[in-house]
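Visitor: I would like the atomic coordinates for the input below:
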Amino acid sequence: MSDPISFASTSPRMGLPLLFAGQAQKEAFVNEALSLLDGLVHGAVEGEVSAPPATPLDGQAWIVGSAPSGAWSGKTGNLALRQSGQWLFAVPQDGMKMLNRSTGQELRRAGGSWRIASVPAAPSGGSVIDTEARATLTALIAALRQAGVFPL
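Guide: Below you'll find the predicted structure:
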C-alpha cells in the first residue's frame, strides 16, 4: 500500500489555503480562497501605488509599490486585493496577466516583474521611402495601442 499524500497548508502556485480533515471553521479558509480567486482570475488592478487608497471599494486591487506604508507595509510588489472591507495580499507569479485600469494596458508577469509592451518608433529614414508601407506600420501601431498592447 502506498503512503498517504501529505499536503502543505497552501497551494503551491497561488497560495490558496487548503482544508484538512477535522479542521475547525472550514468556512473561513474556503472564503479566503474564494476571495483570492475572485481577485486573481481575470484580474484587473487600478494601478501601482505605495499607500493604500483612502476609500477603496471591495473588488478593487492594486500593485503595491516600492515604498509601501500603512496596512501595506512589508508587502512590496504584492497584489493588494480589497475584499469584504479588508486587505488580502497575493504574491504575483510568472504567467499572471492583469489589466491596468489606469492605462487600459495588459500587464504580464515574467521573470519576477511586470512587463508591458513599449511603443515602437514610427518608421523613418532610409534612402527609399515606401509611403504605403509606412502608412500600414503606423496604422498597425495605432491599432495595437487601441487594443491595449501599447500605451495610448
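
Visitor: can you give me the helices in the protein?
Guide: Using DSSP state H, the helices found in the chain span residues 26-40, 131-146.

Visitor: contact partners of the first one?
Guide: Defining contact as Cβ atoms under 8 Å, 6 or more residues apart in numbering, one finds that helix 26-40 is touched by 14-19, 23, 59, 61, 79, 81, 83-84, 88, 90, 96. To be clear about C-beta, it is placed using only N, CA and C from the backbone, and glycine gets the same treatment.

Visitor: can you do 6 Å?
Guide: 16, 17, 19, 61, 81, 83, 88, 90 (Cβ atoms under 6 Å, 6 or more residues apart in numbering).

Visitor: Now for the residue nearest to the second one when sequence neighbours are not counted, how many residues are close by?
Guide: In this case it means residue 17. Distance criterion Cβ to Cβ, 6 or more residues apart in numbering; nearest residue to residue 17, sequence neighbours excluded, is residue 29 at 4.4 Å. Using other Cβ atoms under 10 Å, residue 29 has 18 neighbouring residues.

Visitor: Could you measure from residue 29 over to residue 141?
Guide: 48 Å (Cβ to Cβ, to the nearest Å).

Visitor: likewise residue 87?
Guide: Distance from residue 87 to residue 141, by Cβ to Cβ: 38 Å.

Visitor: Now do the same contact list for the spatially most central residue of the chain.
Guide: Note on the chain: the residue nearest the mean C-alpha position is residue 98, at 3.8 Å, using Cα atoms, centre = their mean. Counting by Cβ under 6 Å, 6+ apart, residue 98 makes contact with 43, 45, 107.

Visitor: residues touching the first one, list them.
Guide: For residue 43, the contacting residues are residue 98, by Cβ under 6 Å, 6+ apart.

Visitor: Quick check: the gap between it and residue 101.
Guide: 11 Å.

Visitor: Same check on the second one?
Guide: Distance of residue 45 to residue 101, computed by Cβ to Cβ: 7 Å.

Visitor: So which of those two has more stuff around it?
Guide: residue 45 (21 against 14).

Visitor: For the lowest-mean-pLDDT helix or strand in the chain, list every residue counted as buried.
Guide: Ranked by mean pLDDT, DSSP states H and E, the weakest helix or strand in the chain is helix 26-40, scoring a mean of 79. For helix 26-40, the buried set under the neighbour-count rule, 16 or more other Cβ atoms under 10 Å, comprises 29, 33, 35, 36, 38, 39, 40.
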